[in-house]
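[1] Below is the structure, and that's it, no one-letter string:
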Ligand SMILES: [Zn+2]
């Protein structure tokens with residue numbers, strides 16, 4: 001079973017990246033389920049100079065015409081957008097095609113499907129009504145993605161789906177959740193009721209799909225339930241450097257592979273601190289220009305303009321009283337605070353120690369390198 005997840009208009013890059021990272025860390029190849037995360041604006045730019053793509057990725061929005069009134073878009077226009085994007089951007093339609101959209105719909109649904117339950121939209125905003133932090137909305141959206149995988153296997157038509165969906169709250173994946181707060185209960189349990197399991201059995205849904213969907217939903221439920229607890233406990237958190245798309249990202253596996261949002265230069269500076277656990281005096285950072293110039297392209301920046309790269313490093317490290325470097329380090333530190341609220345962010349942040357050296361105090365065995373980069377730690 002292959003699923004396309006399309007990044008539609010008004011969907012945060014951060015959310016999309018985190019969903020991708022979450023699925024990448026969880027989905028097993030042997031389940032036979034494949035999730036393709038597609039950012040159409042990226043596909044569209046293929047073939048351009050790579051650096052241009054990098055620049056454009058942040059700027060380009062999808063330009064597909066569709067009707068939208070003050071009350072939101074009709075289901076039809078949202079679902080039509082899937083075929084429109086697939087056609088315009090040359091994307092092959094799969095068993096299930098999911099459009100993530102930040103545009104609300106005129107019936108205020110979290111998600112819904114077309115006649116054949118093959119095309120689905122999921123609304124990506126509004127979860128802050130039930131989850132305190134926007135980062136937590138990654139898990140209920142992930143849950144919606146896998147839930148639609150099961151629904152497309154269970155129901156041949158939207159009518160059949162409508163006939164079996166539970167309008168009265170049952171704590172099942174097929175609860176209608178007219179009240180959004182009910183969604184908390186189903187996504188926190190990952191349960192499927194007996195009636196729905198019977199339908200799944202009658203339709204002879206492959207056991208490996210069913211098992212994988214259940215396992216994924218249980219994992220999302222686990223993250224929803226334990227995230228806050230992990231953060232307020234002393235359970236060990238690790239830091240991973242992992243490949244994602246053509247990029248490399250720092251993630252925290254225990255928190256659902258959450259991606260720490262860092263620009264390539266910031267990542268290189270951060271890596272420098274990881275590789276130098278004894279710390280570096282900020283005014284001496286300029287001695288590491290060569291290392292930074294090596295790391296930046298390895299960490300995902302596709303640039304052919306090495307002079308531009310050098311200039312940006314010089315500009316960061318040579319500023320008066322380390323002003324630019326200090327700013328950059330505080331940006332890195334706030335990126336960690338964004339994903340780990342409270343005191344535990346400090347375990348990952350760059351802090352100035354008593355010996356005046358700046359360092360990241362994470363233990364060596366808590367850092368995992370999942371990339372093919374050879375990393376050499378200074379003793
Ligand atoms: Zn049910």
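    Right, received. Where do you want to start? What you see is a predicted model, and the numbers here were worked out from it, not measured in a lab.

[2] List the buried residues for the longest helix seen in the chain?
    Of all the segments of type helix in the chain, defined by DSSP state H, the longest one is helix 207-232. Using 16 or more other Cβ atoms under 10 Å as the test for burial, helix 207-232 gives 209-210, 212-214, 216-217, 219-221, 223-224, 227, 230-231. Heads up, the C-betas are built off the backbone N, CA and C, glycines and all.

[3] Which one of these is nearest to residue 325?
    Taking Cβ to Cβ as the measure, residue 325 lies nearest residue 231 of the buried residues of helix 207-232, at 28.7 Å.

[4] Kindly state the pLDDT recorded for that closest one?
    For residue 231, the pLDDT comes out at 76.

[5] mind listing what it touches?
    By Cβ atoms under 8 Å, 6 or more residues apart in numbering, the residues touching residue 231 are 255, 340, 341, 342, 344.

[6] go with 10 Å
    237, 254, 255, 339, 340, 341, 342, 343, 344, 345 (Cβ atoms under 10 Å, 6 or more residues apart in numbering).

[7] Over to residue 288?
    268, 269, 272, 275, 276, 280, 295, 313, 317.

[8] Check the buried residues of helix 207-232 one by one and keep those near the ion.
    Filtering the buried residues of helix 207-232 for neighbours of the ion using Cβ under 5 Å from the ion leaves an empty set.

[9] and the stretch 151-300 of the chain, which of its residues are near the ion?
    Applying Cβ under 5 Å from the ion, one finds that the stretch 151-300 of the chain approaches the ion through 172, 174, 193, 196.

[10] Which two among those are spaced furthest apart?
    174 and 193 (7.4 Å).

[11] Name the residues contacting each of the two.
    166, 199.

[12] Which one's more surrounded, these two?
    Neighbour count, other Cβ atoms under 10 Å: between residue 174 and residue 193, residue 174 has more, with 21 against 15.

[13] what separates the more buried one from residue 150, distance-wise?
    With distances taken as Cβ to Cβ, to the nearest Å, residue 174 is found 8 Å from residue 150.

[14] Between the two, which contacts overlap?
    By Cβ under 10 Å, 6+ apart, the residues touching both residue 174 and residue 150 are 192, 196, 199.

[15] Counting neighbours, which of those residues comes out on top?
    residue 192 (23 neighbours).

[16] who's in contact with it?
    147, 150, 154, 170-174, 186, 199-200, 210, 213-214, 217.

[17] hmm, try it at 6 Å
    172, 173 (Cβ atoms under 6 Å, 6 or more residues apart in numbering).

[18] gap between it and residue 35?
    Residue 192 is 20 Å from residue 35, by Cβ to Cβ.

[19] Then residue 295?
    30 Å.

[20] Please point out which parts of the helix or strand containing residue 35 sit buried.
    Element membership for residue 35, per DSSP states H and E: strand 34-38. Across strand 34-38, burial judged by 16+ other Cβ under 10 Å covers 35, 37, 38.
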